[in-house]
Each structure stands twice: as C-alpha cells, then as structure tokens.
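**Q** From the sequence below, what's the structure:
(one chain, ligands or ions: 2)
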Amino acid sequence: MNSDKISDCNQNDQGSFQKSKRLVILGSTGSIGRQTLEVVKEQDGLDIVALAAGSNTDLMEKQIREFHPAYAVMWEEKAAKELREKVADQNVKILTGMEGLLEISSLEAYDVLVTAIVGMIGIRPTIAAIKAGKTIALANKETLVTAGHIIMPLAKRMGVCILPVDSEHSAIFQSMNGEPRDRIARLWLTASGGPFRGRKREELADVRVEDALKHPNWSMGRKITIDSATMVNKGLEIMEAKWLFQVDYDQIKVVVHPQSIVHSMVEYMDGALIAQLGMPDMKLPIQYALFYPDRRPAEQKKIEISMLSSLTFEEPQWDTFDGLSLALKAGKEGGSMPTVYNAANEKAVSLFLEGRITFLQIPEIIGSCMERHKKIENPDVDQILEVEQEIYEDIMHRFQ
Ligand code: NAD
Ligand code: MG
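**A** Ligands and ions are numbered 1, 2, ... in the order given. Below you'll find the predicted structure:
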C-alpha cells in the first residue's frame, strides 16, 4: 500500500524547530503581505530579507524603514525610481520588474518565500525559489491553478515544501498532518457563500460593485472579494486543493458554511472527519505556514465554545453560481483550461470593478472563453502566459 505522507515535509520532532527564519515577501503591500508583516512584528525570530510590490511606493517606503530589507522590488520602473529617491538614506537595493522578482526569489540568504502576489505573475518567481531549494508559503493560488502540473513535481524533485496560506488549504493541511494520502476519502472545502448567498440568479442581475465588495466574514483584497461573491474563489480553491493534496476532483467537495469558523475538513476512509476551526483571520494560517511545523501563541481573538452551537452547513447553489461548475469542468479537462478559467475571470473581474460589465457577465465570459479555447495538453510556462495574454486580448477586443 502506498504510504506516501501528505506532508512530506512533516517533521514533528520538537528538537528540529527552526528558531529563526528569513523571509522574502512578494506582494508585501497587499492584504496578505501586510498581515504577514504584522505576524513578523508580533513574533520573535522572523527577519525580512526582501519585499516586492506593484506600485505603492508610500507603503513600501514605510515597510523598508520598519523592517530593513536588503532588497525591495517595485514592478514598475517609474515606481522603482521614485522609491530610490524616497529611501536614499537607507541601506536597501531597489530592483524592478520580473528580473527583480527572480533575483530576490533566488537569493541564497533566506528560508521562506511568501508568495502573496495576485495573478499568474507569481509562477516564475515561485519556480525560481523552488529551484533555489526554498520553502514556499503560498497564498498566490493562481500559480498552482495554472501551473500545478509544473510546480508540484518540481517541488517534489527538489525536496521543497509548499505550505498553504489559503485558510481552507491550511485547515486541510493541519487536519492531515502525517496521515498517509491513501487513507483520505474526501476533502471538504468550506465556503462562506459570500454576500449573495441564498439569492436567485435573477436577483444577481443588477448587483452593484459596492455590494459585491462587502464580504460578510473576511477582509481581503478587491479581486478575491469579488471572486468570493461569484464563488469563483472556491472554484480556484478546488483546483488548488487538487494540486496541493494530489487527490482526484471527485474527492473534493464544497460545503457552504456561512459562519466561516470551520475552515475545511478531511474525511478519512474509516469515516473520521477531522477539521480545523478558528476565527476568520488570515493571520492564523499565515503564522502556521511561517513557523511550520511549530506553533506559536497568537494574540488574535479565539473561538468561544458557545459559538459552535450555531454552525450551519448547506449545499452550494450550483445553479446560481456558474463559476463553481465551470471550475470543476476546467480542472477536469486540465491542460491549459484552468489558465483560461483564471485569466478570463481576472479580466472579467477588472471590467466589473470598472463598471463596464454586469456581475452575471463574469461567469458568462469565463464560460465563453472556455468554449472557444483549443486546449493545450501539458503547457509549459511560456504557453501558460501566452494563453493568458490571448484571453486578455480576446476579452478586451469583445468588450471595449
Ligand atoms: P492584494 O491585491 O491585496 O495584494 C496584491 C499584492 O501583490 C500587492 O502588494 C501588489 O502590489 C502586489 N503585486 C501585484 N502585481 C504585482 C507585480 N506585477 N509585481 C509585484 N507585486 C505585484 O491581494 P491579496 O488579497 O493579498 O491576495 C494575494 C494572493 O493571495 C491572491 O492570489 C489571493 O487569491 C490569495 N489569497 C488572499 C487571501 C486574503 O485574505 N486576502 C486569502 C487567501 C488567498
Ligand atoms: Mg480561501
């Protein structure tokens, strides 16, 4: 019988806990990046080697003055130039673009890459870090959704751990610590259902951007908040779980749990259901990934047992939220189809946020792009990024 351990990196030996870790954070000015830096501030033993962000030089300047990284990357050349002037008195090297992201991800002197960037831009730096033998704390699910077939075998070959930061996947990871993979019957991904849970499709026709941005439980970046309202986020998470835990799509179930207390569950072959519960606060999964396999005390609000008397679970509204069934279709078809799903969603969400399309057009656009696409089997990174570009152009062409 295959006794492959889920956490091949599992090392529950008290003596082996690493006392301090050096981090590189991609996306340090975003929601996950900022919360990662809060954990760094609250806990002993975490040092920042490099930070990267898109264009927010004000916040990057503050982060440099507070955390003293040796390197900072701004995606845009103009922003990098501006930042160089702002922090001329600091001992920090400012880099730019993909070259900069690859350089900091491949540095020798660090331990964990926190990939909290948004979009497929995360693929190449993640590959570079794995090749350099670094542990990956992965929030950037798009990387696994589109390039899981490249990332996972590479990580295995390099003996590198991919530690999930996404709360559901962290819950699953925590619930299967040390169990052999072939003892798992099913993974139960919980979903809050988002702000439009319980509504009928026709009631979604004219929802406004402000309403879609009001998530009932979690505070997150704008893109992922819209993805939660459409349930596309759960669709991406199904594909993320498939790669992280190497199970079949038929073994991944979604259950709507509006309170967001049970973060996900693992059902074993003997019927045991193991879950991880906690308050909806990303700092817990972030901290778990940073210190794995150790645990640290945390200041965050804790669950009160009385809260558990009102937990509810329901079947997702498959007929209302097409984003979910399209994700299963894309995942099962495989090849370049998950890239089409992800790229079409990214572009559609940005058009929705600009007020140029309606809420229901988001899944419509994803579906139409998937239908028109001629699937590439086993795409390499260049092909994945080409497909992304083609989908962007196709959508811009149709909706400008
Ligand atoms: P966000 O939009 O708040 O932040 C994104 C960060 O990436 C910013 O720092 C931005 O400057 C940076 N960035 C974007 N493009 C860049 C580029 N080309 N070069 C360098 N930096 C760039 O997003 P977020 O909500 O923090 O989400 C980040 C990732 O984590 C996403 O993949 C998301 O799906 C995942 N995630 C987020 C949450 C959450 O609670 N926010 C939970 C689970 C998973
Ligand atoms: Mg999640």
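**Q** Can you give me the first-to-last residue distance of stretch 92-103?
**A** Start-to-end span of stretch 92-103 (CA to CA, to the nearest Å) is 14 Å.
**Q** in it, what counts as buried?
**A** V92, I94, L95, T96, G100, L101, L102, E103 (16 or more other CB atoms under 10 Å). C-beta here means a position set from N, CA and C on the backbone, and glycine is covered the same way.
**Q** Next: stretch 22-37.
**A** Neighbour-count burial for stretch 22-37 flags 22-33, 35-37 (criterion: 16+ other CB under 10 Å).
**Q** Of those residues, which is the nearest to ligand 2?
**A** Using CB to the ion, I32 comes nearest to ligand 2 of the buried residues of stretch 22-37, at 10.6 Å.
**Q** Contact partners for that closest one?
**A** I32 sits next to V114, A116, A139, V165, G221, M282, I286 when contact means CB atoms under 8 Å, 6 or more residues apart in numbering.
**Q** what do you get for S310?
**A** Applying CB under 8 Å, 6+ apart to S310 gives the contacts Q259.
**Q** quick one: Q35 and L284 touch, right?
**A** No: applying CB atoms under 8 Å as the test, Q35 and L284 come out as separate, 10.0 Å apart.
**Q** For ligand 2, what is the nearest residue in the chain?
**A** Relative to ligand 2, the nearest point of the chain is D166 (4.2 Å; CB to the ion).
**Q** Secondary structure element holding V73?
**A** Assigned by DSSP states H and E, V73 belongs to strand 71-74.
**Q** Identify all contacting residues around that strand.
**A** With CB under 8 Å, 6+ apart, strand 71-74 has contacts from 49-55, 57, 60, 63-64, 80, 82-83, 87, 92-97, 100-101, 103-104, 107.
**Q** So which of those are in helices?
**A** Under the assignment DSSP state H, the contacts of strand 71-74 contribute T57, M60, Q63, I64, A80, E82, L83, G97, G100, L101, E103, I104 to helices.
**Q** Name the nearest residue to the second one, sequence neighbours excluded.
**A** With CB to CB, 6 or more residues apart in numbering as the criterion, M60 has its nearest non-adjacent residue at 5.4 Å, and that residue is A53.
**Q** contacting residues around that neighbour?
**A** G27, S28, T29, G30, G33, L59, M60, V73, M74, W75.
**Q** of all those residues, which comes closest to A155?
**A** Using CB to CB, G27 comes nearest to A155 of these, at 19.9 Å.
**Q** any idea how far the closest one lies from K62?
**A** Distance, G27 to K62, by CB to CB, to the nearest Å: 16 Å.
**Q** what's the answer for I25, then?
**A** Taking CB to CB, one finds I25 at 14 Å from K62.
**Q** Ok, L144 next?
**A** Between L144 and K62 the distance, using CB to CB, works out to 31 Å.
**Q** In the stretch 251-400 of the chain, what residue spans correspond to helices?
**A** For the stretch 251-400 of the chain, applying DSSP state H, counting those that start in this stretch gives helices covering 283-291, 322-333, 337-353, 361-372, 381-399.
**Q** residues from the stretch 151-300 of the chain in reach of ligand 2?
**A** Neighbours of ligand 2 within the stretch 151-300 of the chain, by CB under 5 Å from the ion: D166, S167, E168.
**Q** I'd like those residues as a markdown table, with neighbour count, pLDDT and distance to I150 appended.
**A** Converted to a markdown table, these look like this (neighbours: other CB atoms under 10 Å; pLDDT from 0 to 100; distance: CB to CB, whole Å):
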| residue | neighbour count | pLDDT | distance to I150 |
| --- | --- | --- | --- |
| D166 | 28 | 98 | 19 |
| S167 | 24 | 98 | 25 |
| E168 | 27 | 98 | 23 |
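**Q** Please tabulate these in a markdown table and include distance to K347 as additional columns.
**A** What follows is these, written out as a markdown table (distance: CB to CB, whole Å):
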| residue | distance to K347 |
| --- | --- |
| D166 | 22 |
| S167 | 26 |
| E168 | 25 |
